[in-house]
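J.: any chance you could fold what I've pasted below:
(one chain, ligands or ions: 1)
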Amino acid sequence: MDANKFVDSLTAPPIRWDEVLCPYCGGEVVWTSNREIYGREYGNGRCYLCTECGACVGVHDNGKGKGSRRALGLLATPEMRKMKQKCHARFDAVWHTHKRSRAACYRQLAKLMGISVRQCHFGYFNLADLNRAYQIMAPFHWYEEKLKKVGA
Ligand SMILES: [Zn+2]
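T.: Below is the predicted model:
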C-alpha cells in the first residue's frame with residue numbers, strides 16, 4: 001500500500017481516529033471492540049478500525065480496565081504492525097536483558113533518529129520511520145552511546 005508514504009509519523013498524541021477518514025484509504029474509521037480484529041476481546045477490548053482497509057490501532061486504558069478513546073498511536077496497516085513487532089524484538093532484547101534501561105534505550109534511539117524522546121514511540125512511526133528504526137537497531141551495539149561517539 002503506497003499510501004503509507006503520505007502519512008507522517010506522529011509528533012504529538014494522536015487525535016481520535018473516528019473523527020477523521022482513514023489516512024491510507026479514505027475509509028470510515030470506527031471505535032469498536034477489538035474482537036473484530038482478533039476474533040475475541042483482548043486486553044482493554046477497544047480499538048480504532050478502518051471499515052474499508054482494516055488499518056487499526058489499540059487504545060489506552062480508561063483506568064478501570066476498559067478501553068478509552070485515546071489511541072496508542074498512528075492507525076497501522078498490517079505491514080506497519082509487522083514492522084512494529086520486528087522493531088520491538090530488537091529494542092526489547094536490550095532492556096529485557098538489563099544491558100541498559102528502557103528509558104536509556106529510547107533516548108539513544110531518539111538521538112540516532114534525530115527526533116525528540118517525546119516523539120520516540122514505535123506506535124507513532126509511519127512505515128518509513130519503522131523501517132529506519134529497524135535499520136538503526138541492526139548493529140549489535142546500537143544502544144551503546146560511547147561506541148557511537150567514537151565512530152562519529
Ligand atoms: Zn483504511
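
J.: list the buried residues for the helix ranked longest in the chain?
T.: Looking across the chain with DSSP state H, the single longest helix is helix 78-96. Using 16 or more other C-beta atoms under 10 Å as the test for burial, helix 78-96 gives 80, 83, 84, 86, 87, 90, 91, 94, 95. For the C-beta atoms, the positions are set from N, CA and C on the backbone; glycine is no exception.

J.: repeat for stretch 29-37
T.: Judged by neighbour count using 16+ other C-beta under 10 Å, the buried positions of stretch 29-37 are 29, 31, 32, 33, 34.

J.: so which of those comes closest to the ion?
T.: residue 29 (7.2 Å; C-beta to the ion).

J.: and stretch 46-60, does that touch the ion?
T.: Yes: counting by C-beta under 5 Å from the ion, the ion is contacted by stretch 46-60 at 50, 52, 53, 55.

J.: let me see the ranges of the strands in the chain.
T.: Remark: strands assigned in the chain by DSSP state E are 29-33, 46-50, 56-61, 67-71.

J.: which residue sits closest to the residue nearest the centre of the chain, ignoring its sequence neighbours?
T.: The residue lying closest to the centre of the chain (C-alpha atoms, centre = their mean) is residue 123, at 1.4 Å. Closest residue to residue 123 apart from its sequence neighbours, by C-beta to C-beta, 6 or more residues apart in numbering: residue 73 at 2.7 Å.

J.: same question for residue 120.
T.: Residue 120 sits nearest to residue 110 (C-beta to C-beta, 6+ apart), 3.9 Å away.

J.: quick check: domain ranges of the chain?
T.: Per the record, the chain has its domains at 2-76, 79-151, by automatic domain parsing.

J.: mind putting those into JSON lines with mean pLDDT?
T.: Formatted as JSON lines, these follow (pLDDT from 0 to 100):
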{"stretch": "domain 2-76", "mean pLDDT": "92"}
{"stretch": "domain 79-151", "mean pLDDT": "91"}
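
J.: what is the burial count for the residue nearest to residue 95 when sequence neighbours are not counted?
T.: In this structure, residue 95 finds its nearest non-sequential neighbour in residue 102, 4.3 Å apart by C-beta to C-beta, 6+ apart. For residue 102, the count of nearby residues is 12 (other C-beta atoms under 10 Å).
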